[in-house]
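[1] Sequence first, then the predicted structure, then my questions.
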Amino acid sequence: MLAVLLPTIGVQAVPAISAPANSPAAQITAAKVAVLTIDGAIAPASADYFVRGLERSVASGATLVVLELDTPGGLDDSMRKIVKAILGSPVPVVTWVSPSGARAASAGTFILYASHIAAMAPGTNLGAATPVPLGGPPMPGGGDRMPTAPADAPAIGDDAAKPASSNASNAKAMNDALAYIRSLAELRGRNQAFAEQAVRNAATMSAEEALEAGVIDLTATSLGVLLRELDGREVTVADRPVRIVTTDAEILRKAPDWRANLLAVITNPNVALILMLIGVYGLFFELMNPGALIPGTIGAISLLLGLYALSVLPVNLAGAGLLVLGLGLLIAEAFTPSVGILGFGGAVAFAAGALFLFDAEAIGFGVSWQVAVGLGLVGFAFSTLIGRLAVKAWRSQVTTGEEGLVGASAEVLVWNGTSGFVFCHGERWQATGPVGLLAGQKVTVRHAHGVSLEVLE
């Protein structure tokens, strides 16, 4: 009996262990469908949220991950982290541009092309994926504008269609983006012509146009409709075909955790700028009052958080230079009062640097002018206040030490001839002065010599 069963078991087990790539699709029952949401610019926080959310979803047993996407674009590095996570995912990833009115512009187009299944809700759009150089002029076609591709747009591979850029860095960025999205289109079998036009000429498409052109796989008005449309579809995951089954699937929504929320706050350009300013002023107070500890501790933490934000955001060197110059002038105004000239110049330089610090062309990463001007005015007020206090202290009469005793009133305690003892500033002093002073008589201190005073009537 055992001899008869063993060959049968072996025949059935071999396909399950070493099924070739062209074998029938392995059916996965999607008992759990994880839903992640990115609403806003593609940034370090959203990339961290998606990558870790995908890992947690797989670990919790999810066999399908749906990414609800609505983004105007974002940073190239963050977008590539998301794309790499999708390409390396052990389970199918569906990117669904939703709700109606949402978009998958710029970096969102790359994510949509990389997904195993691309879906859109009616009334959404994608495209405008022209790369924007950091700290320089926009690429031909513009990165933020979303014009549709011209009817006579050159075909892929046409020599005349190669990007004509005024500098090598722009050309490299354009060619790299073209090659990247072309490879994603080839991998997923999607419309390659539109992919190139989206990068080269910032072309866009509506959901209906994208479905007709083969850019996306389906449209869906709701998550329930999307799951019904996905049921039975086949995709290739990790070089093996997989059939998706979504019947009676359990929906697991993965909201951003505290780490993703904290990273989102820190990497907000306005918050990063405020943290930098708090850090500089905190250390400044600590240096002025050694041993205070609290300003130095808060300043050091804020400065480190601000520097981390600068390391992951698109910083413009000209803006950073203006920011440093502005802070230098504001500090100089506090130490060398110049009737507000240095302070005003520092405030202007600081506000201009804040506005130019982060690349304005990178959607969602500019500093608002209200924050920039407000911080400039705060710095000007701070330096002016410190300067006025310094001038007042310099001009005021000294009230401590030997100099502080000159001109002070004293009362004679004991007097004999030209010397005796007087009471001044709460203390008993040895004193010299005119002949004939009486106990209880009020006198004025003329000079102070160590522990002895010279007094006058």
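    Now that the structure is in, tell me what you want to look at. Numbering: from 1, shown residues only.

[2] C-alpha only now, for contacts and for neighbours.
    Noted.

[3] Low-confidence regions, the chain specifically.
    For the chain, the stretches with pLDDT under 70 are 1-30, 132-167, 334-335, 337-340, 359-365, 384, 386-404.

[4] Is A439 in a helix, a strand, or coil?
    Counting by DSSP: H, G, I helix; E, B strand; the rest coil, the backbone at A439 sits in coil.

[5] Isn't it up against V414?
    Yes - with contact defined as C-alpha atoms under 8 Å, A439 and V414 form a contacting pair (5.5 Å).

[6] The spatially most central residue of the chain and P314, how far apart?
    The structure's the chain has its C-alpha centroid closest to T267; by C-alpha atoms, centre = their mean the separation is 2.0 Å. For T267, the distance to P314 equals 11 Å [C-alpha to C-alpha, to the nearest Å].

[7] Quick one: end-to-end distance for stretch 195-211.
    Start-to-end, stretch 195-211 (C-alpha to C-alpha) is 14 Å.

[8] what does stretch 194-206 give?
    12 Å.

[9] how much space between P92 and A34?
    Distance of P92 to A34, computed by C-alpha to C-alpha: 11 Å.

[10] any shared contact partners between those two?
    64-65 (C-alpha atoms under 8 Å, 6 or more residues apart in numbering).

[11] L273 belongs to a strand?
    No - going by three-state DSSP, the assignment for L273 is helix, not a strand.

[12] On the three-state scheme, the closest residue to it other than its chain neighbours is what?
    Among residues not flanking L273 along the chain, G306 sits closest, at 6.8 Å (C-alpha to C-alpha, 6 or more residues apart in numbering). Under three-state DSSP, the three-state class of G306 is helix.

[13] Do I have it right that E208 meets L126?
    No - assessed by C-alpha under 8 Å, E208 is found out of contact with L126, at 10.9 Å.

[14] which of these two has more neighbours?
    When E208 and L126 are compared for neighbours, L126 comes out ahead with 29 against 18, by other C-alpha atoms under 10 Å.

[15] Checking my notes, the more buried one in a helix, right?
    No - with three-state DSSP as the criterion, L126 is assigned strand and is not in a helix.

[16] Identify the bridge partners of the nearest residue to it once chain neighbours are set aside.
    In this structure, L126 finds its nearest non-sequential neighbour in A104, 4.5 Å apart by C-alpha to C-alpha, 6+ apart. Beta-bridge pairing for A104 (DSSP bridges): T71, L126.

[17] quick revisit: okay, now the closest residue to the residue nearest to the centre of the chain other than its chain neighbours: neighbour count?
    Spatially, and ignoring its direct neighbours in sequence, T267 is nearest to A309 (4.9 Å; C-alpha to C-alpha, 6+ apart). A309 has 25 neighbouring residues, counting by other C-alpha under 10 Å.

[18] please renumber so the chain begins at 29
    Got it, the first residue is 29 from now on, which makes the last one we talked about A337.

[19] then the stretch of helix or strand A337 belongs to to CSV, C-alphas only?
    Element membership for A337 (DSSP states H and E) is helix 322-340. The C-alpha coordinates for helix 322-340 follow below in CSV (Å, rounded to 0.1, in the frame of the first residue of the first chain):
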residue,chain,number,x,y,z
ILE,A,322,17.7,73.9,29.3
PRO,A,323,18.3,76.3,26.3
GLY,A,324,21.3,74.3,25.2
THR,A,325,19.5,71.0,25.4
ILE,A,326,16.5,72.1,23.5
GLY,A,327,18.7,73.9,21.0
ALA,A,328,20.9,70.9,20.4
ILE,A,329,17.9,68.5,19.9
SER,A,330,16.1,71.0,17.6
LEU,A,331,19.3,71.7,15.6
LEU,A,332,19.9,68.0,15.0
LEU,A,333,16.3,67.4,13.9
GLY,A,334,16.5,70.3,11.6
LEU,A,335,19.8,69.1,10.1
TYR,A,336,18.2,65.6,9.5
ALA,A,337,15.3,67.3,7.6
LEU,A,338,17.9,69.2,5.5
SER,A,339,19.6,65.9,4.7
VAL,A,340,16.5,64.4,3.1
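
[20] Return the list of helices and strands in contact with the next helix-or-strand element following that helix.
    The helix or strand immediately downstream of helix 322-340 is helix 345-363, counting by DSSP H and E. Packing partners of helix 345-363 (3 or more C-alpha pairs under 8 Å, 6 or more residues apart in numbering; DSSP states H and E): helix 369-385, helix 397-423.

[21] close enough to count as contact, L481 and H475?
    Yes - assessed by C-alpha under 8 Å, L481 is found in contact with H475 at 5.9 Å.

[22] Looking at these two, which has the bigger crowd around it?
    More crowded of L481 and H475, by other C-alpha under 10 Å: L481, with 23 against 19.

[23] so the more buried one, which of the three states?
    Secondary structure, three-state DSSP: L481 is strand.

[24] Excluding chain neighbours, what is closest to it?
    Using C-alpha to C-alpha, 6+ apart, the closest residue to L481 is A459 (4.6 Å).

[25] OK, contacts around the one you found?
    447-450, 480-483.

[26] go again using 6 Å as the cut-off
    Shown in contact with A459 (C-alpha atoms under 6 Å, 6 or more residues apart in numbering): 447-449, 480-482.

[27] Pull out the buried positions in stretch 314-326.
    Residues 314, 323-324, 326 are the ones in stretch 314-326 that count as buried (16 or more other C-alpha atoms under 10 Å).

[28] from the middle of its chain, how far away would that stretch be?
    In terms of C-alpha atoms, centre = their mean, to the nearest Å, the centre of stretch 314-326 is set 27 Å apart from its chain centre.

[29] Contacts only, for S396.
    Here S396 is in contact with no residues (criterion: C-alpha under 6 Å, 6+ apart).

[30] Show residues contacting stretch 286-299.
    73, 77, 300, 337, 395.
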